[in-house]
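# just need the structure, nothing else, for what follows:
(2 chains)
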Amino acid sequence: MHAPRTALAVTVLSTLLTLSACSSGGGSTSSSPQKPKLTTTTPAASGALDEVTWNLPLGEPTTLDPAKVGDYSPSTVVSNLCDPLLRLKADYSVAPGLATSWKRPDPKTLVLELRDDVTFWNGHPMTAKDVVAGLERQRNPATQSVNTQVLSTVSTITATGDHQVTVRFKTPDELFLKYLVNGFGAVSEAAYVKKAGAAYGTAKGGLMCTGPFELKSWKSGESLTAVRNDAYWDTALRPKAAELTFKFITDASTLTSALLSGQIDGSYEIPSTVAKALRSSDAGTLYYGPSAQTVFVSPTGPDSPLADPRITQALSLVLDRDALVRNVFDGAARKEKTFIPSLVWKTGEASDVYDKGYDALPAVPDADVARAKKLVAQAAPKKRTVTVAMGAGDQQSLQILTFLQAGAKKIGLSIVIKQLQPTQMSGLFYDASLREGLDATMALGYVEIPDPLSYAEMFTSPASPMNWTRYDNAEVTSLLTQARAALDPEKSAELFTRAQALYTEDLAIVPIAVPYERMFLNKRLSGAPASFAYINMPWAAQLGGTGEGTS
Amino acid sequence: MTTYQIAALGRGGARWSRLRRLTRGRGVLVVACAVVAVAVLAALFAPLLAPYDPDAVDPAAVYQGSSAAHWLGTDDTGRDILSRLLYGARPSLLAPAAVTLTAGLGGTVLAVSAAWLGGWYDRLVSALLDIVFGFPGLVLAVVAAAVFGAGLQVAVVTLSLAYLPYIGRVVRSAALRERNLPYVSALRMLGMSGRRICLRHLTPNLLPLVLVQVATSFGYALLDVAAFSFIGLGAQPPTAEWGLMVANGSTGILAGRAEQSLYAGAVIVVFVIACSLLGGGLSRQLLGDDR
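Modelled structure (predicted):
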């Protein structure tokens, strides 16, 4: 077995020598990336396509059941298969979807009027009963819906007509309507779901929805294929691509090679580490769009040294965020004052109120090691070694944590980086036992609905399963509860911003940056939205040919 | 010129001619020895040789090319690549050294005892070595990392186990031959105990073979340790280790920043080839094996 190894070694050496010729070589060659131009959409497509191959860089979905979808890969797929009651637009505003209109006869009642011309893929008509069954199903713990908390304010959901649904609330809830843009509001055929049982949304159980693409096949570990729904109700969005195949390439270098060679036509969530290679390619275009994603370091439990906000503030003060944006995100990110990206309120009715509240927050701190040392001295943590989890192979997180590690050393803290496999990493968010032995996690999260309130509640509400540090500020909880109950957008925004001013001071979290959406499209394609709104909109229905290239 | 000076010159000349005689026709072996020696010296004197702290990040100097300040450039967090290569020699050499020494020691003990005792014990040891031999080291490491977590220690323990049969099987065959030689029978007739024969005679006579096996395996163990770190199961960040450096630098390659992977990869390859040649040279010198 040694001879092949020697041959391998010689081959590797030859490859390395070739690479050295390709490398940019001597001298000081570090260049500052230019600030990217943001766009919400790409030029409209002009032609039809036989097939599009798209990549899911965060790996194969575990389920496509809309009720259980709450992550990048499944949402990217399901948004093209299952229409929600309301539709998210590329600018993060809300438009009618399967529900044409809605009204509130009183603060505790919401009446949704549904389209009467919609059929499922099997030709059966969509009715109010399907909508009611879909929402009620998510109330049942056995469903394991990721949206159970949305229904906490709901008392009854009833079909008050063939195409009318009435929701009655225990307390008024301004968030409910906004949640209808994602998997929570997606409609599946009730009879099919009942028959499939727990297998609904899996490779075995399949799906039955109304979306522009129909699930054709799912080869586990290999690919997932959807075909055009020729009877799609929204004629303006009838897909131009006949077939859509999803691949699951998670390695950044492999993905880049596949995109450059044309084997893969496009992908959202292009890793920042390979953006430069794709930007300069003539195989296609790397688009940058506004995003509702956020990168932060969050403590994993009340006993973590980082649960003390003085420690998180100290760590925040050792970071040079301008350098992070430049070096880690290739210039494609923005530093913000809180961990909630401002895009989520920008198109809302009360954006001025949110903006005013945001402007009043303390500025993003510059690096100040002396102040950070004082904070650590005041906090006097018992434990000075902090174990931070990150996804194995995530070079962006590794870079951020390496900078944080070096900064922490200056203030007497030691950071141990623990790389977890993707399933372990995603499991952290649902399974407390997987967080044992960890003090913090590097998180890339996103706000999938156009309202900051949902994300704030998730981290501050004592009842939230994501409130790992058991943060409990009665005033914050009260203000956010009132904000949720306020149906006047301006009043809700005003209450939210008051809560935001409070938790920004004492919530233990280290905001890093808000990265822009990065999408690569082969030159033969166009039409897809470039903003992060793709996560909840039928983006592939807009994809079409440009008449350029044949790859 | 004084008599003393002439005598000294004569002594110096004799030394040089002895060195020339010793290295004649062994140029490759000398180069291999020199490469290994340089790597070992780099590991020992890294704090004196490295121009920077290997973990010191510099946001203002990310992906700098070669310059007077950074001879081999900097990585994606502004760390000096040369300093990391020098410090990286420590875990990169220490881990395979631990692997080969453990496997060498364990393999020799098992092989000699099996050859000497024979019977069911020999069959058991041979079967165990065959079973372990059937598992690729990388597969064992992945399983071990899943059970015990990733880390260089886990990689070393797993690889030590994986390398055991490579040394054990060869040494056992030689020990069986050695056991049947007349001098062993003579020693037994003289009343020497089996333990004493094994420790004082049999094992010392097998040492050249063990040494050759350990030297040859060292380079491959280094390659395996680097591979473990490359896939995230060995050394963990921010440790400067050659395999981890290749992995960390890999995403920079497509962006035209191949330096980190390139230099770390080249160091691994050169060192592995040097070890392979050294093992071959030792085999010829100590065992007269011309293969």
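
# give the contact list for the residue nearest to residue A:282 when sequence neighbours are not counted.
The shortest distance from residue A:282 to any non-neighbouring residue, by CB to CB, 6 or more residues apart in numbering or on different chains, is to residue A:523 (7.5 Å). Using the backbone N, CA and C atoms, a C-beta is placed for each residue, glycine as well. Residue A:523 is in contact with A:282, A:283, A:284, A:285, A:546, A:548, A:549, counting by CB atoms under 8 Å, 6 or more residues apart in numbering or on different chains.

# just give the nearest non-adjacent residue to the residue of chain A found nearest chain B, would you?
Using CB to the nearest CB, residue A:323 is the residue of chain A that sits closest to chain B, at 3.2 Å. Ranked by CB to CB, 6+ apart and with sequence neighbours excluded, the top spatial neighbour of residue A:323 is residue B:59, at 3.2 Å.

# before we move on, the earlier item: if I look at the residue of chain A closest to chain B, how far off is residue B:117?
Computed as CB to CB, to the nearest Å, the residue A:323 to residue B:117 distance reads 65 Å.

# between these two, which has more neighbouring residues?
Neighbour totals were compared for residue A:323 and residue B:117, and residue A:323 leads with 18 against 13 (other CB atoms under 10 Å in any protein chain shown).

# and that one, how far from residue A:288?
With CB to CB as the criterion, residue A:323 and residue A:288 are 20 Å apart.

# repeat that for residue A:295.
16 Å.

# try residue A:468
In terms of CB to CB, residue A:468 sits 32 Å off from residue A:288.

# gap between the lengthiest helix in chain B and the chain center?
If you go by DSSP state H, chain B has its longest helix at helix B:81-117. Relative to the centre of its chain, helix B:81-117 is centred 6 Å away, using CA atoms, centre = their mean, to the nearest Å.

# likewise stretch B:39-49?
Worked out by CA atoms, centre = their mean, stretch B:39-49 lies 16 Å from the chain centre.

# what number of residues lie near the residue of the stretch 51-200 of chain B found nearest chain A?
For the stretch 51-200 of chain B, the residue closest to chain A is residue B:59, as judged by CB to the nearest CB, at 3.2 Å. If you count neighbours by other CB under 10 Å, residue B:59 ends up with 20.

# quick one: the nearest residue to residue A:427 once chain neighbours are set aside from residue A:336, how far?
Computed as CB to CB, 6+ apart, the closest residue to residue A:427 that is not its neighbour in sequence is residue A:434, at 4.8 Å. Between residue A:434 and residue A:336 the computed distance is 29 Å (CB to CB).

# do the same with residue A:65
Distance of residue A:65 to residue A:336, computed by CB to CB: 33 Å.

# out of the two, which sits in the busier spot?
residue A:65 (28 against 18).

# now for that one: which residues touch it?
Counting by CB under 8 Å, 6+ apart, residue A:65 makes contact with A:200, A:201, A:202, A:207.

# again, only this time at 10 Å
The contact partners of residue A:65, taken as CB atoms under 10 Å, 6 or more residues apart in numbering or on different chains, are A:74, A:78, A:82, A:137, A:143-146, A:183, A:186, A:188, A:193, A:196, A:198-202, A:205, A:207.

# mind checking pLDDT for it?
If you check residue A:65, the pLDDT there is 97.

# cool, and residue B:144?
pLDDT, residue B:144: 87.

# ok, then the element right after the helix or strand hosting residue A:157?
Using DSSP states H and E, residue A:157 sits within strand A:154-161. Using DSSP H and E, the helix or strand that follows strand A:154-161 in sequence is strand A:164-169.

# give me the buried positions along that following strand.
A:164, A:165, A:166, A:167, A:169 (16 or more other CB atoms under 10 Å in any protein chain shown).

# send me stretch A:83-98 as PDB with only the CA atoms.
Taking Å, rounded to 0.1, in the frame of the first residue of the first chain, the C-alpha atoms of stretch A:83-98 are listed here in PDB:
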ATOM      1  CA  ASP A  83     -48.200  28.200  -2.000                       C
ATOM      2  CA  PRO A  84     -48.900  30.000   1.300                       C
ATOM      3  CA  LEU A  85     -52.000  32.100   1.900                       C
ATOM      4  CA  LEU A  86     -50.000  35.300   1.600                       C
ATOM      5  CA  ARG A  87     -47.000  35.800  -0.600                       C
ATOM      6  CA  LEU A  88     -43.800  37.500   0.300                       C
ATOM      7  CA  LYS A  89     -42.400  39.800  -2.500                       C
ATOM      8  CA  ALA A  90     -38.800  40.300  -3.400                       C
ATOM      9  CA  ASP A  91     -38.700  43.600  -1.500                       C
ATOM     10  CA  TYR A  92     -40.000  41.800   1.700                       C
ATOM     11  CA  SER A  93     -43.400  43.300   1.400                       C
ATOM     12  CA  VAL A  94     -46.600  41.100   1.600                       C
ATOM     13  CA  ALA A  95     -49.100  40.500  -1.200                       C
ATOM     14  CA  PRO A  96     -52.100  38.200  -1.600                       C
ATOM     15  CA  GLY A  97     -51.500  34.600  -2.300                       C
ATOM     16  CA  LEU A  98     -54.100  31.900  -2.000                       C
END
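
# so what's residue A:202 closest to, chain neighbours aside?
Nearest non-adjacent residue to residue A:202 (CB to CB, 6+ apart): residue A:63, at 6.1 Å.

# hmm, residue A:218 is touching residue A:206, no?
Yes: using CB atoms under 10 Å, residue A:218 is in contact with residue A:206, at 8.2 Å.

# now do the shared contacts for those two.
residue A:64.

# hang on, the earlier thing: OK, contacts around the residue nearest to residue A:323?
With the criterion set at CB under 10 Å, 6+ apart, residue B:59 makes contact with A:319-324, A:326-328, A:367, A:403, A:406-407, B:77-78.

# list only buried entries from these.
Using 16+ other CB under 10 Å as the burial test, these include A:319-321, A:323-324, A:326-328, A:367, A:403, A:406-407, B:77-78 as buried.

# quick revisit: tell me what the longest helix of chain B is packed against?
Secondary-structure packing of helix B:81-117 (3 or more CB pairs under 10 Å, 6 or more residues apart in numbering or on different chains; DSSP states H and E): helix B:27-44, helix B:46-49, helix B:119-134, helix B:152-179, helix B:194-197, helix B:203-230, helix B:242-253, helix B:259-287.

# export the ones you listed as JSON lines, with columns for mean pLDDT, mean neighbour count and distance to residue A:332.
Below are the helices and strands packed on helix B:81-117 laid out as JSON lines (pLDDT from 0 to 100; neighbours: other CB atoms under 10 Å in any protein chain shown; distance: least, CB to CB, whole Å):
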{"stretch": "helix B:27-44", "mean pLDDT": "92", "mean neighbour count": "15", "distance to residue A:332": "39"}
{"stretch": "helix B:46-49", "mean pLDDT": "96", "mean neighbour count": "13", "distance to residue A:332": "37"}
{"stretch": "helix B:119-134", "mean pLDDT": "92", "mean neighbour count": "13", "distance to residue A:332": "49"}
{"stretch": "helix B:152-179", "mean pLDDT": "93", "mean neighbour count": "21", "distance to residue A:332": "35"}
{"stretch": "helix B:194-197", "mean pLDDT": "92", "mean neighbour count": "14", "distance to residue A:332": "70"}
{"stretch": "helix B:203-230", "mean pLDDT": "92", "mean neighbour count": "23", "distance to residue A:332": "28"}
{"stretch": "helix B:242-253", "mean pLDDT": "90", "mean neighbour count": "25", "distance to residue A:332": "15"}
{"stretch": "helix B:259-287", "mean pLDDT": "90", "mean neighbour count": "22", "distance to residue A:332": "22"}
